[in-house]
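Asker: Task: produce atomic coordinates for the following.
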Amino acid sequence: MAGRIEDYALIGDMQTAALVCRDGTVDWLCLPRFDSHAVFAGLLGTEEHGFWRLGPAHSPDAQPPTAARRTYRGDSLILESEWDTPRGTVRVTDFMPPRDTDAPQLVRIVEGVSGRVPMRSALRMRFSYGRVVPWVHKVDGRTVAVAGPDSVWLDTSTETFGKDLTTYSDFTVAPGERIAFTISWQPSHKEPPALPEPENALVATQDFWREWVEHCTYHGPYRESVVRSLITLKALTYAPTGGIVAAPTTSLPEDIGGSRNWDYRYTWLRDAAITLSSLLRTGYREEARAWREWLLRAVAGDPENLQIMYGIAGERELGEAELDWLPGYEGSTPVRAGNGAAHQLQLDVYGEVTEALHLAHMTGLARSDYASLLQLKLIRYLESNWDQPDEGIWEVRGPRRHFVHSKVMCWVAVDRTIKLIESGDADGPLEKWRELRDDIHRDVCEKGYDKERNTFTQSYGSKELDASLLLIPQMGFLPPDDKRVIGTIEAIQRELSTPDGFILRYPTTGDDAGVDGLEGDEGAFLACSFWMADDLAMIGRVDEARKLFEKLLALRNDLGLLAEEWDPQSQRQVGNFPQAFSHVPLIDTALRLTASGAYGG
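Answerer: This next block holds a predicted model:
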């Protein structure tokens, strides 16, 4: 059985990523890209679907021992796990070397700390999300697993043997002794990958992260949490194209045992745009430039039909399928690959993309004529479509509605484009679009606001609330001291808060299909809780904002990682992991609180 979501660590090479559990088991790894088929899919099934465990030997009928300590080595993505056993202490260092065109590698180095510790490596490779058992054999002393287009090569100095369709290695490690294991992916029709050099790769990986973190311009009181979140965002960036995945996993449930299970291994324009904002504000201009170039390539030739998400290289077709041979994480089915929401109409993404391009322009990122042209084309589309119903920020699979947040973000798109024209860096019908901006603003305030309750609502004519309304003051749609803004913040606190004070996205209805067209409930959406902390700071309730922020920081696992949601009943993280849409607002809130002086210590 897979571990709890927060029991996992992330390692990666900016092209794919692996999840490593506390007991030393790699339960998730897609090769060679984030969105490739998994080689280890035990996270969504059983050990029969692929895993790699490396740790102290234990009896067959006992649970694998969990590490007594684990940490990332400094500000890096190099994981160090230590076990204390009756025979001594041992350390395992796990990492994936950043790569350009070389074969992707996962390196695991065992190091004796004290005593003599018996160890075991158990490697069960299963291709196509655990469905295909590869042909495993030896080639020139190396172990290779082959199936169809894929091959994975295992290199180690210890003896290996096969049993029960699994490759094992039993050995004992003494103090100061280091034994390395490396797996490398290669297309099966090509020559074997080069022999790995684990120790050199470790040094290069550590140097890479040290140099990258040195560019961070934030040095405030929350630096540790901000830097860890930035490293996580960097790890979720597909280096060859600059695309940023929402998470490296699929189908980790928002509701344990339920059906709210989605594939997040793609680039949502919304998530990537807010990520660009955080990167720019913390000194990472190169990543921001790469994302802008990815965006321009992805939407090239068809900006009027902007998709809400694309593949990490800009692919448009992300057809959704159910992997019915996988029983799901803790029985949460279906397991999905692909995402059918890709072609939904979500008008808010026009605002998020325009806001990101505006911020890039304001922070001095080199001007792009095509970026300016794209903004103008997006507004021409919104001229005749902003007043249409859509599926909204949360990708509801129920009927389309006039979501207030979507209209607000249409206003943002027009407002930021007006500012671009006013700056002299673009030409457009300024007066016409000023009128359009006013029309959208008036429409939202008349149809999306409940005067009796003094709050904006989820959609026109509805009574439900929605945490996305917290973005109204952050986007500049209304000032923070507007009574309607304060009323909305207080209404969301009353109606969408969990007993712990965290924020739900919107009401869900258990067994009945609600506004999102789905059965079941979900946990508190962590991004929304960070938005609440931001809003509280903006309206002057800074002490309350700080306390909420620090409660949110306490939800991170021991390595500083966050999933998408927090389940207040079971007190555990839920949803895909780690989640960019949680780490980005963490950074933003830290910056806001630091600027306001609202922090403890």
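Asker: low-scoring stretches of the protein, by residue?
Answerer: Across the chain, the ranges flagged by pLDDT under 70 are 301, 303, 509-521, 598-601.
Asker: in it, which spans are helices?
Answerer: Counting by DSSP state H, the chain forms helices over residues 127-130, 198-213, 223-235, 269-281, 285-299, 348-362, 369-385, 404-422, 430-447, 471-474, 483-495, 526-538, 542-553, 580-596, given from the N-terminal end onward.
Asker: Please tabulate these in TSV and include distance to R572 and mean neighbour count as additional columns.
Answerer: C-beta here means a position set from N, CA and C on the backbone, and glycine is covered the same way. What follows is the helices of the chain, written out as TSV (distance: least, C-beta to C-beta, whole Å; neighbours: other C-beta atoms under 10 Å):
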stretch	distance to R572	mean neighbour count
helix 127-130	24	23
helix 198-213	29	16
helix 223-235	19	21
helix 269-281	23	24
helix 285-299	31	20
helix 348-362	30	23
helix 369-385	40	17
helix 404-422	28	24
helix 430-447	37	15
helix 471-474	27	21
helix 483-495	24	18
helix 526-538	13	26
helix 542-553	15	19
helix 580-596	14	23
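Asker: Export those helices as a markdown table, with columns for distance to L318.
Answerer: Formatted as a markdown table, the entries for the helices of the chain read as follows, by distance: least, C-beta to C-beta, whole Å:
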| stretch | distance to L318 |
| --- | --- |
| helix 127-130 | 16 |
| helix 198-213 | 29 |
| helix 223-235 | 21 |
| helix 269-281 | 13 |
| helix 285-299 | 12 |
| helix 348-362 | 15 |
| helix 369-385 | 21 |
| helix 404-422 | 21 |
| helix 430-447 | 30 |
| helix 471-474 | 26 |
| helix 483-495 | 32 |
| helix 526-538 | 22 |
| helix 542-553 | 31 |
| helix 580-596 | 17 |
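Asker: Quick one: closest of the ones you listed to G331.
Answerer: When the helices of the chain are ranked by distance to G331, counting by C-beta to C-beta, first place goes to helix 127-130 at 15.7 Å.
Asker: hmm, who's touching the closest one?
Answerer: Under the criterion C-beta atoms under 8 Å, 6 or more residues apart in numbering, residues 37-39, 41-42, 44-45, 48-50, 134, 145, 147-148, 150, 323, 325-326, 335, 337 lie in contact with helix 127-130.
Asker: Figure out how far that helix is from the centre of its chain.
Answerer: Averaging C-alpha coordinates over helix 127-130 and over its chain gives two centres that are 22 Å apart (C-alpha atoms, centre = their mean, to the nearest Å).
Asker: And stretch 380-400, by the same measure?
Answerer: Centre to centre, stretch against its chain (C-alpha atoms, centre = their mean), the figure for stretch 380-400 is 24 Å.
Asker: What of stretch 472-488?
Answerer: In terms of C-alpha atoms, centre = their mean, the centre of stretch 472-488 is set 28 Å apart from its chain centre.
Asker: Contacts for it next, please.
Answerer: Under the contact criterion C-beta under 8 Å, 6+ apart, stretch 472-488 has outside partners 351, 355, 408-409, 411-412, 415, 441, 444-445, 449, 453-456, 465, 469-470, 531, 534-535, 538-539.
Asker: mind running it again at 6 Å?
Answerer: For stretch 472-488, contacts defined as C-beta atoms under 6 Å, 6 or more residues apart in numbering pick out 408, 411-412, 454-456, 469, 538-539.
Asker: measure it end to end?
Answerer: By C-alpha to C-alpha, to the nearest Å, the extent of stretch 472-488 from end to end equals 9 Å.
Asker: Stretch 24-41 now?
Answerer: Using C-alpha to C-alpha, the span of stretch 24-41 from its first residue to its last is 15 Å.
Asker: same question, stretch 462-472
Answerer: With C-alpha to C-alpha as the measure, stretch 462-472 spans 18 Å from end to end.
Asker: in that stretch, what counts as buried?
Answerer: By neighbour count, with 16 or more other C-beta atoms under 10 Å as the criterion, the buried positions of stretch 462-472 are 462, 465-472.
Asker: try stretch 184-200
Answerer: 184-186, 188, 193, 196, 198.
Asker: Check stretch 422-429 too.
Answerer: Residues of stretch 422-429 classed as buried: A426 (neighbour count, 16+ other C-beta under 10 Å).
Asker: can you list contacts of that stretch?
Answerer: By C-beta under 6 Å, 6+ apart, the surrounding residues in contact with stretch 422-429 are 372, 376, 420-421.
Asker: wait, what's in contact with the closest residue in space to A103 that isn't next to it in sequence?
Answerer: Once its chain neighbours are removed from consideration, A103 has its nearest residue in P193; the separation is 3.9 Å (C-beta to C-beta, 6 or more residues apart in numbering). For P193, the set of contacting residues under the criterion of C-beta under 6 Å, 6+ apart consists of 103, 153, 184, 186.
Asker: circling back to that earlier point, specify which member of the contacts of stretch 422-429 is nearest to Q307.
Answerer: When those are compared for distance to Q307 (C-beta to C-beta), L376 comes out closest, at 19.2 Å.
Asker: Pull up the gap between the closest one and L365, please.
Answerer: Distance, L376 to L365, by C-beta to C-beta, to the nearest Å: 18 Å.
Asker: Then E464?
Answerer: Here the distance between E464 and L365 works out to 38 Å (C-beta to C-beta).
Asker: How much space separates L470 from D390?
Answerer: Note on L470: its distance to D390, by C-beta to C-beta, is 19 Å.
Asker: cool, L326 as well?
Answerer: Computed with C-beta to C-beta, the distance linking L326 and D390 is 32 Å.
Asker: for L345, same thing?
Answerer: Relative to D390, L345 is positioned 4 Å away (C-beta to C-beta).
Asker: Looking at these two, which is more packed in?
Answerer: The residue with the greater number of neighbours, taking L345 and D390 and applying other C-beta atoms under 10 Å, is D390; the counts read 23 against 17.
Asker: I'd say that one and D348 touch.
Answerer: No - look at D390 against D348 with C-beta atoms under 6 Å: they stay out of range, at 7.9 Å.
Asker: list the residues that contact both of the two?
Answerer: In the contact map built from C-beta under 6 Å, 6+ apart, the residues linked to both D390 and D348 are S406.
Asker: Could you measure from the nearest residue to K407 once chain neighbours are set aside over to R453?
Answerer: Taking C-beta to C-beta, 6+ apart, and ignoring the residues beside it in sequence, K407 has V444 as its nearest neighbour in space, at 4.8 Å. Counting by C-beta to C-beta, the gap between V444 and R453 amounts to 16 Å.
Asker: for L465, same thing?
Answerer: 9 Å.
Asker: Same question for P86.
Answerer: Counting by C-beta to C-beta, the gap between P86 and R453 amounts to 63 Å.
Asker: L496 too?
Answerer: Noted for L496: a distance of 13 Å to R453, by C-beta to C-beta.
Asker: Can you report how many residues lie near G88?
Answerer: 19.
Asker: Leaving out chain neighbours, which residue sits closest to it?
Answerer: Distance criterion C-beta to C-beta, 6+ apart; nearest residue to G88, sequence neighbours excluded, is G115 at 1.9 Å.
Asker: What count of nearby residues applies to that neighbour?
Answerer: For G115, the number of neighbouring residues by other C-beta under 10 Å comes to 16.
Asker: got it, and G331?
Answerer: When neighbours are counted by other C-beta under 10 Å, G331 registers 10.
Asker: hang on, isn't it packed against G257?
Answerer: Yes - at 5.3 Å, G331 counts as touching G257 under the criterion of C-beta under 6 Å.
Asker: So the residue nearest to A103 versus V144, what's the distance?
Answerer: With C-beta to C-beta as the criterion, P193 and V144 are 10 Å apart.
Asker: Return the set of residues that bridge with the residue nearest to P196 when sequence neighbours are not counted.
Answerer: Nearest residue to P196 in three dimensions, chain neighbours excluded: T182, at 4.1 Å (C-beta to C-beta, 6+ apart). According to DSSP bridges, the partner residues bridging T182 are V107, D155.
Asker: Name all residues that make contact with the closest residue to V152 other than its chain neighbours.
Answerer: On the basis of C-beta to C-beta, 6+ apart, the spatially nearest residue to V152 that is not a chain neighbour turns out to be A145, at 4.8 Å. A145 makes contact with 125, 134, 136, 152 under the criterion C-beta under 6 Å, 6+ apart.
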